[in-house]
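> next input, structure requested:
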Amino acid sequence: MFPSSRRARARALTLALTLCGTALLTPGAAASAGEIPKAPGHRLVSDYEGAPATASPVPGQAPPQHPFLAPNGRSTMHADAAGSATYPYSGPLGRGPEVRSEQIAPLGGECATATFDSAGRLITVCGTFTGFLLKLLDPRTLDTLAEYKLPQRSSTVEAITRLDFSKIFKDTSGGAYFYLDNRDRVVLADSRQHILRIAHEQAADGSWHFAVDNDWDLTGQVPHDCVSWTNLFPSGICDPVTSVMPDWQGRVWWVTRLGRVGTVDPGTSVIRSVQLMGEEIQNSFSVAEDGVSIVSDHALYSFAASSDGTPQVQWRQTYDRGTGTKPGSVNQGSGTTPDLFGDGDDYVAITDNADDRMNVLVYRRAVGVPADRRLVCKVPVFGSGASTTDNSMISRGNSLVVENNYGYENVTSLLLGKSVVGGVARIDVRADGSGCDTVWQSAVRSPSTVPKLSTANGLLYFYEKEPNSLGIDAWYLTAVDFRTGERRWKKLTGTGPSYDNNWAPVTIGPDGTAYVGVFNGIVAVRDTA
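Numbers count the residues shown, from 1 in each chain. Here you go, the predicted model:
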């Protein structure tokens, strides 16, 4: 039930004490009600560096608008169905930026995926040790307008009962990957292996609440003998649902950790599925009119649905998965959600898990492409023996931007002023499709965020932490020029593990605010000048 070695128990105890200790901070760092407290040292580090940027829009077409998703920029963790991680509106330019935060829970509380309804209200799922919370937030004040409690994940029970907190940090299930549909409804898969479609409504007195519109039970096709407080030692198989997305016909596609790929027909509630035997799916997936792109820890797939909704493989491409899981990866495989991109909507890109240096892989997406012509390029990135990512790339036109997460595993990885080797690179596919070139490389250290690009102002947004000789853990929102890779400015959000984003993305809101989910909640950075 518990780790057998004294060292393992010590590590678990250290983690528990570290997490609990985030509330025991310097008296001078007391925060106003609702704010995330800052750890000691926040007055000893720079608050702002650089200079305000001038908006310089990035040319190119946005991904096609998905008919069953909220408008691009408001619908998914990766901003749209194509996984582009681009937003059509401007983020902060660094003009007197201010920071606001909201503590969701003293222990945990991280708000990862953030979406926006048609009125600009923020909808997010926040993870706590008692379960996930679906929340409707005021985008300016971050006050909670409505809340819906989702069931606790089995990984949380395992972490507590077995003193192995890695169970939590390597679990991508339970509702973290959700989407907002074209009617402002949240669609997610909870830890019971149910897909829920949830609306938010305002009562006559002005208050808000969530209401479940649909509940599709997948347990007839997904093994669900999972650890719980009433089932501490299950004898069967537990296969958590990782992510959900709609296709162009309105079916809800879903994937599981143990390689199941399925669909739900919302009109008939018919569920169909297949399994990729011996393969694991820990990332989200992307959708275009020509198919569904899914990456497992062995291969990249293009799927389409048959007439009865059963997923069918259109093509499969294996990649170099290396010989083990690197520090900075959830499993032994690609850490990226596929990017569907290209000036002609031609390509799909992922990264591999090659042992020495990770490669950016670009493939031709069309179904009829011969196998020996599918690969466009294979570009090694970052340093020898220190190269991996577990976050989606950014794609715009024929360009890709990738960051290096090597060395980050959880909120204890960078305590006491430590950081990662870092690095960011931009790769462009040549106009004639003959290969790819590295345009620039940057030394920005963004340990674990899903970065984003504002096409309206030409800035890339990262969540950065640099080494600190005083042991201060200072976290910054950093803006980088898309064209040159130059860091334009950075703004301190906070100090200590409470401000570690722990794999959560940067999200740009319609009002120009940049949001980052952090370990104890969410922070917002916006211009004031």
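
> mean confidence score for stretch 145-162?
Mean per-residue pLDDT for stretch 145-162: 84.

> between the two ends of that stretch, how far is it?
With Cα to Cα, to the nearest Å as the measure, stretch 145-162 spans 36 Å from end to end.

> go on, stretch 481-488?
7 Å.

> surely residue 273 touches residue 262?
Yes. The pair residue 273 / residue 262 is scored as a contact, 3.2 Å apart, by Cβ atoms under 8 Å. Just so you know, the C-beta spots here come from the backbone N, C-alpha and C atoms, and that holds for glycine as well.

> which one of the two has more residues nearby?
Ranked by neighbour count (other Cβ atoms under 10 Å), residue 273 and residue 262 place residue 262 first, with 25 against 20.

> who are the contact partners of the more buried one?
Residues in contact with residue 262 (Cβ atoms under 8 Å, 6 or more residues apart in numbering) are 218, 221-222, 253-255, 271-274, 311.

> which single one of those residues is nearest to residue 298?
residue 255 (13.8 Å; Cβ to Cβ).

> phi, psi for the closest residue to the closest one other than its chain neighbours please.
Once flanking residues are discounted, residue 255 sits nearest to residue 281: 4.5 Å by Cβ to Cβ, 6 or more residues apart in numbering. The phi/psi pair for residue 281 (degrees, to the nearest 10) reads phi -120, psi 110.

> one more: residue 179?
Per degrees, to the nearest 10, the backbone of residue 179 is at phi -140, psi 160.

> so what's residue 322 up against?
332, 352-355.

> helix or strand right after the lowest-mean-pLDDT helix or strand in the chain?
Every helix and strand of the chain was ranked by mean pLDDT, DSSP states H and E. The lowest is helix 6-20, at a mean of 39. Remark: after helix 6-20, the chain's next helix or strand is strand 48-50, criterion DSSP states H and E.

> partner strands of that next one, with direction?
Sheet neighbours of strand 48-50, with direction, are listed as strand 487-495 (antiparallel) (DSSP bridges).

> hmm, who's touching the partner strand?
36, 38-42, 45-53, 92, 94, 97, 99, 101, 442, 444, 459, 463-464, 472-481, 499, 516, 518, 523, 525.

> what subset of those is buried?
Neighbour counting by 16 or more other Cβ atoms under 10 Å classes 36, 38-42, 45, 53, 92, 94, 97, 99, 101, 442, 444, 459, 463-464, 472-481, 499, 516, 518, 523, 525 among the contacts of strand 487-495 as buried.

> now, which of these lie within strands?
The strands, defined by DSSP state E, take in 99, 101, 442, 459, 463-464, 474-481, 516, 518, 523, 525 from the buried ones among the contacts of strand 487-495.

> turn the contacts of residue 322 into TSV, columns for distance to residue 146.
TSV is the format used below for the contacts of residue 322 (distance: Cβ to Cβ, whole Å):
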residue	distance to residue 146
332	40
352	42
353	40
354	45
355	47
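
> let me know the closest of those to residue 317.
residue 352 (10.8 Å).

> how near is the closest one to residue 333?
8 Å (Cβ to Cβ, to the nearest Å).
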